[in-house]
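Colleague: Fold the following for me, if possible:
(one chain, ligands or ions: 2)
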Amino acid sequence: MKIGIYGGTFDPVHNEHVNIANIAIEKLGLDKLIILPAGEPPHKDVAVLTDAKRRLKMCELAFNNPKIEISSFEIDKKGKSYTIDTLEHFAKDDDELFCVIGGDSLAEIYAWKQADDIFEIATVVVVGRDEYSNNDWLNKYLDKILKLDYQTKELSSTEVRITCEFGVDISNLVPVAVNDYIKKHELYQSHRKLTKKVQKMITEKKYIHSMNTTICGMTMARSANVDKESAFIACALHDCAKSLEDYSEYKKKLKKENMLIPEPVVHAFVGSYLIKKEFNIQDKNIRNAVKYHTTARPNMSQLEKLVYVADCIEIGRDYEGIEEVRKTSKNDFEKTFSLCLNSTFSVLVDKTMCPLTLDAIDFYGR
Ligand SMILES: [Fe+2]
Ligand SMILES: [Fe+2]
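Modeller: Ligands and ions are numbered 1, 2, ... in the order given. Here you go, the predicted model:
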């Protein structure tokens with residue numbers, strides 16, 4: 001029999017997982033595809049994962065293809081889940097095994113437990129990303145790698161979770177039954193109090209922009225080396241002063257900054273005072289990430305850079321060259337920051353520029 005193995009955290013399972021599963025079955029001619037929600041994945045922070053039983057239940061609700069089987073093998077197992085252990089468990093003498101993974105995982109596979117053995121017992125099926133890293137280690141296994149002929153859509157569990165956190169409809173992102181389950185059990189609502197408050201402070205358009213910035217920031221948080229909680233708060237609040245009609249209350253504070261603050265930048269500075277007052281955010285790093293999200297400045301913290309970049313390239317933004325910058329953001333955060341800084345500079349070069357932006361360009365180079 002031809003057996004496919006498709007693991008992941010599935011937190012939550014979404015439409016693209018369902019598409020990939022169905023297409024893998026069809027294109028590879030699988031007799032069976034086993035879906036394996038991870039128990040304790042080696043590479044992710046367990047604390048932020050939704051309870052395993054719930055992730056399993058959502059998988060059971062999501063797929064309705066008779067060739068698909070949902071397995072709790074990795075969840076029931078004590079300790080960390082490694083792909084090789086799972087493959088060995090399901091390997092039977094006369095079966096042909098296919099291990100379905102994402103293109104971004106392929107680049108890291110050399111670091112997985114007994115990586116060589118994975119290729120011994122299974123054909124690795126790669127989904128998504130047109131280009132994957134052809135490093136020397138991987139070259140020897142090229143004949144054991146199959147690229148699934150399917151153009152994946154940009155959808156991630158991160159996007160689903162953040163969309164929920166912002167109270168925005170996810171019915172076009174997940175299967176109906178999964179949506180119902182998420183609603184019933186009030187999953188992904190841990191920041192809902194904060195987002196509800198932001199929603200009241202800004203226009204609908206700015207609220208969606210804040211959500212998209214948060215999705216973008218949370219997607220890059222790991223590669224930027226930023227903790228997810230700070231990333232969420234800073235991104236979600238970065239424009240909370242944007243719809244304020246009257247800044248006069250903050251006149252004194254702005255004056256104290258003792259520099260030219262052009263009109264489009266004021267909301268960022270005011271935002272850093274406002275989040276202390278309205279949300280009791282004392283964390284200097286978060287406040288600075290809000291404060292410098294428009295101008296940048298020299299020697300920025302990783303969180304400051306993250307909000308700056310996320311605000312620049314979130315999905316609602318559109319300017320020349322942005323696709324290239326988004327592509328870069330998938331594997332090189334620092335370079336993405338530098339591209340964003342330079343594009344801000346070229347847009348502002350004939351306009352009134354906050355001196356901080358010039359200093360940042362001097363500091364980071366063009
Ligand atoms: Fe802004
Ligand atoms: Fe913004």
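Colleague: Any idea how many residues pack against the closest residue to ligand 2 within the stretch 51-200 of the chain?
Modeller: Residue of the stretch 51-200 of the chain nearest ligand 2, by CB to the ion: Val198 (12.0 Å). In short, each C-beta sits where N, CA and C put it, glycine included. By other CB atoms under 10 Å, the residues close to Val198 number 22.
Colleague: Tell me how far the residue lying closest to it once chain neighbours are set aside lies from ligand 2.
Modeller: Excluding the flanking residues, the one nearest Val198 by CB to CB, 6 or more residues apart in numbering is Cys240, at 5.5 Å. Here Cys240 is placed at a distance of 10 Å from ligand 2 (CB to the ion, to the nearest Å).
Colleague: tell me which element Cys240 falls in.
Modeller: Following DSSP states H and E, there is no helix or strand that holds Cys240.
Colleague: got a list of what it touches?
Modeller: Each residue near Cys240 by CB atoms under 8 Å, 6 or more residues apart in numbering is listed here: 198, 201-202, 210, 271, 274-275, 278-279, 290.
Colleague: And the helices in the stretch 1-150 of the chain?
Modeller: Taking DSSP state H, counting those that start in this stretch to define them, one finds helices in the stretch 1-150 of the chain at 15-28, 52-62, 73-76, 83-90, 103-106, 115-121, 136-139.
Colleague: Find the nearest non-adjacent residue to the residue sitting nearest the centre point of the chain, please.
Modeller: Nearest to the mean C-alpha position of the chain, by CA atoms, centre = their mean, lies Thr219 at 2.0 Å. What sits nearest to Thr219 in space, not counting adjacent residues and going by CB to CB, 6+ apart, is Thr158, at 5.4 Å.
Colleague: and the stretch 101-250 of the chain, which residues reach ligand 2?
Modeller: Applying CB under 5 Å from the ion, one finds that the stretch 101-250 of the chain approaches ligand 2 through Asp239.
Colleague: Go through stretch 181-193 and flag the buried ones.
Modeller: Buried residues in stretch 181-193, counted by 16 or more other CB atoms under 10 Å: 181-182, 187-188, 191.
Colleague: meant to ask about stretch 30-41, not that
Modeller: Applying a neighbour-count criterion of 16+ other CB under 10 Å, one finds 30, 32-39, 41 buried in stretch 30-41.
Colleague: Can you give the distance from that stretch to the centre of its chain?
Modeller: On the basis of CA atoms, centre = their mean, to the nearest Å, stretch 30-41 sits 22 Å off its chain's mean C-alpha point.
Colleague: Let me know the pLDDT of the residue nearest to Thr219.
Modeller: Model confidence at Thr158, given as pLDDT, is 95.
Colleague: I'd say it and Cys216 touch.
Modeller: No: assessed by CB atoms under 8 Å, Thr158 is found out of contact with Cys216, at 9.5 Å.
Colleague: okay, those two: which has more neighbours?
Modeller: Neighbour count, other CB under 10 Å: between Thr158 and Cys216, Cys216 has more, with 27 against 18.
Colleague: Can you name the element that comes right after whatever helix or strand that one lives in?
Modeller: Applying DSSP H and E as the criterion places Cys216 in helix 204-224. With elements assigned by DSSP H and E, the helix or strand that comes after helix 204-224 is helix 228-237.
Colleague: Next, the buried residues of whatever helix or strand comes next after that following helix.
Modeller: Next along the chain after helix 228-237, taking DSSP H and E as the criterion, comes helix 251-256. In terms of neighbour count (16+ other CB under 10 Å), helix 251-256 has its buried residues at Leu254.
Colleague: what packs against helix 251-256?
Modeller: If contacts are counted by 3 or more CB pairs under 8 Å, 6 or more residues apart in numbering; DSSP states H and E, helix 251-256 sits against helix 263-279.
Colleague: So is whichever helix or strand comes after the helix it packs on next to ligand 2?
Modeller: Later in the chain than helix 263-279, the nearest helix or strand by DSSP H and E is helix 284-291. No: between helix 284-291 and ligand 2, judged by CB under 5 Å from the ion, nothing touches; the nearest distance is 9.9 Å.
Colleague: I'd like to know which elements helix 284-291 is packed against.
Modeller: Here helix 284-291 touches helix 228-237, helix 263-279, helix 302-313, going by 3+ CB pairs under 8 Å, 6+ apart.
Colleague: any chance of these in TSV, plus mean pLDDT and mean neighbour count?
Modeller: What follows is the helices and strands packed on helix 284-291, written out as TSV (pLDDT from 0 to 100; neighbours: other CB atoms under 10 Å):
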stretch	mean pLDDT	mean neighbour count
helix 228-237	97	23
helix 263-279	95	19
helix 302-313	98	26
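Colleague: Please tabulate those helices in TSV, including the columns distance to Lys147.
Modeller: TSV is the format used below for the helices and strands packed on helix 284-291 (distance: least, CB to CB, whole Å):
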stretch	distance to Lys147
helix 228-237	31
helix 263-279	43
helix 302-313	27
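Colleague: Minimum distance to Asp246: which of the ones you listed has it?
Modeller: Between Asp246 and those, the tightest spacing by CB to CB is seen for helix 263-279, at 10.2 Å.
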